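Visitor: sequence? don't have it. structure:
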């Protein structure tokens with residue numbers, strides 16, 4: 001294997017790949033000492049790290065799980081002109097191709113990377129074969145990532161919520177379609193509202209459509225609108241909720257419940273930003289960002305023929321998964337106090353006893369934050385003295401967690 005001629009002055013290197021093996025191989029290929037070598041599992045995380053530090057080289061896997069590598073390369077070229085992007089192409093199990101980005105990097109390092117491109121093939125047998133593919137740290141020097149503040153309107157700094165906060169901020173200034181997934185009651189709409197609030201569209205409408213709450217016969221008219229006389233009872237024209245979101249964001253909640261018959265029309269809007277009202281041949285252009293959410297597994301619905309595959313990929317421009325409340329145990333106390341402060345409007349706000357708080361922390365919360373809100377509201381009603389919420393006031397649905405009774 002040709003030795004890597006990269007000089008010691010290249011000491012800030014970032015590699016983005018979903019494969020821990022690929023990341024380790026890139027690290028092992030750098031024979032000169034590297035002071036700062038960090039890893040990202042996807043394109044959004046790589047952008048986040050680029051924004052939080054000064055980097056010289058980004059090794060970018062063509063097969064990113066979230067963003068298109070070619071588009072990301074152009075984004076990096078425009079926003080970080082001093083960063084050299086080296087595309088990694090894991091074309092087989094035996095080698096990786098390093099392809100220069102062509103971005104400007106006017107230094108000796110450019111010639112060194114050109115030498116890598118021309119002369120170096122990273123051959124698998126030259127690298128360690130005892131890597132654990134499930135591990136990402138593999139003795140690599142990693143700088144700790146600072147905790148990310150909650151999104152607007154959200155509470156808690158649990159480790160499981162950090163990707164949600166970071167991705168929300170990264171996506172807010174873009175027009176990328178976002179698909180928010182997670183169990184019922186976990187706060188998907190709050191994430192969508194926060195993305196809108198942080199975006200350049202924040203002064204324009206945020207329109208919510210619950211696809212599961214509107215009967216199938218009415219959903220098309222609600223979404224796309226209609227003209228007077230389009231059907232019996234249409235006494236006047238109606239613009240529809242998508243057009244109502246002009247310049248802003250349309251949030252399609254429970255998108256997995258979208259009837260199959262309406263999906264081609266929604267797909268056309270996503271692709272062309274055009275729609276037609278019922279009863280009209282006029283094409284209306286609408287500039288509205290689409291954020292959708294579901295507690296269903298859309299790919300399963302695609303396999304079952306209940307959801308269009310092309311629509312899925314249009315909606316899932318970028319996925320964000322919101323964890324269930326049971327994975328946010330360190331946030332329970334802060335969330336409970338936040339909900340309590342909102343519920344109690346008097347000057348004297350009751351406090352949770354240590355035993356009552358322990359009940360909250362030990363519960364599995366199958367209903368997530370929505371269930372927590374209900375439990376605390378019942379506790380406030382039962383707390384007649386208004387001073388302390390005790391275990392007997394905490395009525396939990398799961399008897400195994402204790403009901404306080």
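Guide: Right, received. Where do you want to start? Everything quoted here is computed from the prediction, not taken from an experiment.

Visitor: any chance you could map the helices in the chain?
Guide: Listed in chain order, the helices of the chain (DSSP state H) span 20-29, 43-51, 69-79, 108-119, 162-171, 188-198, 216-224, 241-244, 263-272, 298-303, 309-315, 332-343, 354-362, 368-382.

Visitor: in this structure, where is pLDDT below threshold?
Guide: Scanning the chain for pLDDT under 70 picks out 1-11, 30-35, 52, 90-147, 398-405.

Visitor: quickly list the domain ranges of it.
Guide: Taking automatic domain parsing as the domain assignment, the ranges for the chain are 12-126, 159-321, 328-401.

Visitor: and of these, who's closest to residue 153?
Guide: Closest approach to residue 153 among the domains of the chain (Cβ to Cβ): domain 159-321, 5.6 Å. Glycine gets a C-beta too; all of them are placed from N, C-alpha and C.

Visitor: endpoints of the closest one, how far apart?
Guide: End-to-end distance for domain 159-321: 13 Å, by Cα to Cα, to the nearest Å.

Visitor: can you lay out the domains of the chain as a markdown table showing mean neighbour count?
Guide: Putting the domains of the chain into a markdown table (neighbours: other Cβ atoms under 10 Å) gives the following:
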| stretch | mean neighbour count |
| --- | --- |
| domain 12-126 | 18 |
| domain 159-321 | 18 |
| domain 328-401 | 16 |
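
Visitor: export those as CSV, with columns for distance to residue 149.
Guide: Shown next, in CSV, are those (distance: least, Cβ to Cβ, whole Å):
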stretch, distance to residue 149
domain 12-126, 13
domain 159-321, 7
domain 328-401, 13
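
Visitor: relative to residue 324, which of the helices of the chain is closest?
Guide: Closest approach to residue 324 among the helices of the chain is made by helix 368-382 (5.6 Å; Cβ to Cβ).

Visitor: need the helices of the chain in TSV (columns: distance to residue 281).
Guide: TSV is the format used below for these (distance: least, Cβ to Cβ, whole Å):
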stretch	distance to residue 281
helix 20-29	52
helix 43-51	41
helix 69-79	35
helix 108-119	55
helix 162-171	36
helix 188-198	32
helix 216-224	13
helix 241-244	16
helix 263-272	14
helix 298-303	32
helix 309-315	24
helix 332-343	48
helix 354-362	57
helix 368-382	43
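
Visitor: which one, of those helices, ends up nearest to residue 251?
Guide: helix 188-198 (4.8 Å).

Visitor: which residues sit against the closest one?
Guide: Under the criterion Cβ atoms under 8 Å, 6 or more residues apart in numbering, residues 151-154, 164, 168-169, 171-173, 178, 180-182, 202, 206, 208, 248-249, 251, 253, 289, 291, 293, 295, 320, 322 lie in contact with helix 188-198.

Visitor: that helix vs helix 368-382, what angle?
Guide: Between the axes of helix 188-198 and helix 368-382, defined by axes from the mean of the first three to the mean of the last three Cα atoms, to 10 degrees, the angle is 100 degrees.

Visitor: off-centre distance for helix 188-198?
Guide: 11 Å (Cα atoms, centre = their mean, to the nearest Å).

Visitor: test my guess that residue 387 contacts residue 351.
Guide: Yes: at 7.4 Å, residue 387 counts as touching residue 351 under the criterion of Cβ atoms under 8 Å.

Visitor: distance of residue 242 from residue 200?
Guide: Distance of residue 242 to residue 200, computed by Cβ to Cβ, to the nearest Å: 19 Å.

Visitor: so who does the residue sitting nearest the centre point of the chain touch?
Guide: A centroid search over the chain (Cα atoms, centre = their mean) returns residue 320, at 2.4 Å, as the residue closest to the centre. Contact analysis of residue 320 by Cβ under 8 Å, 6+ apart lists 163-164, 167-168, 171, 178-181, 191.

Visitor: wait, residue 228 sits on residue 280?
Guide: No: using Cβ under 8 Å, residue 228 is not in contact with residue 280; the gap is 9.8 Å.

Visitor: so the residue nearest to the centre of the chain bridges to which residues?
Guide: residue 180 (DSSP bridges).

Visitor: quick check: the gap between it and residue 165.
Guide: 10 Å.

Visitor: ok, back up a step: and residue 86, which of the helices of the chain is closest to it?
Guide: Counting by Cβ to Cβ, residue 86 lies closest to helix 108-119 out of the helices of the chain; the figure is 6.3 Å.

Visitor: apart from its neighbours in sequence, what residue is nearest residue 67?
Guide: Excluding its sequence neighbours, the residue lying closest to residue 67 (Cβ to Cβ, 6 or more residues apart in numbering) is residue 43, at 3.1 Å.

Visitor: and the helices of the chain: which comes nearest residue 88?
Guide: Here helix 20-29 is closest among these (Cβ to Cβ), at 6.5 Å.

Visitor: which secondary structure elements does that closest one contact?
Guide: For helix 20-29, the elements it packs on are strand 12-16, strand 95-100, strand 122-123, judged by 3 or more Cβ pairs under 8 Å, 6 or more residues apart in numbering; DSSP states H and E.

Visitor: what sits against the closest residue to residue 299 other than its chain neighbours?
Guide: Excluding its sequence neighbours, the residue lying closest to residue 299 (Cβ to Cβ, 6+ apart) is residue 312, at 7.0 Å. Shown in contact with residue 312 (Cβ under 8 Å, 6+ apart): 298-299, 302.

Visitor: one more: residue 274?
Guide: Residues in contact with residue 274 (Cβ under 8 Å, 6+ apart) are 268, 283-286.

Visitor: what about stretch 64-83, distance to the chain center?
Guide: Using Cα atoms, centre = their mean, the mean C-alpha position of stretch 64-83 is found 18 Å from that of the whole chain.

Visitor: show residues contacting that stretch.
Guide: 16-18, 41-44, 46-47, 50, 54-58, 60-63, 85, 87, 101, 103-105, 318-319.

Visitor: just the terminal-to-terminal distance for it.
Guide: End residues of stretch 64-83 are separated by 19 Å (Cα to Cα).

Visitor: distance of residue 256 relative to residue 263?
Guide: Note on residue 256: its distance to residue 263, by Cβ to Cβ, is 11 Å.
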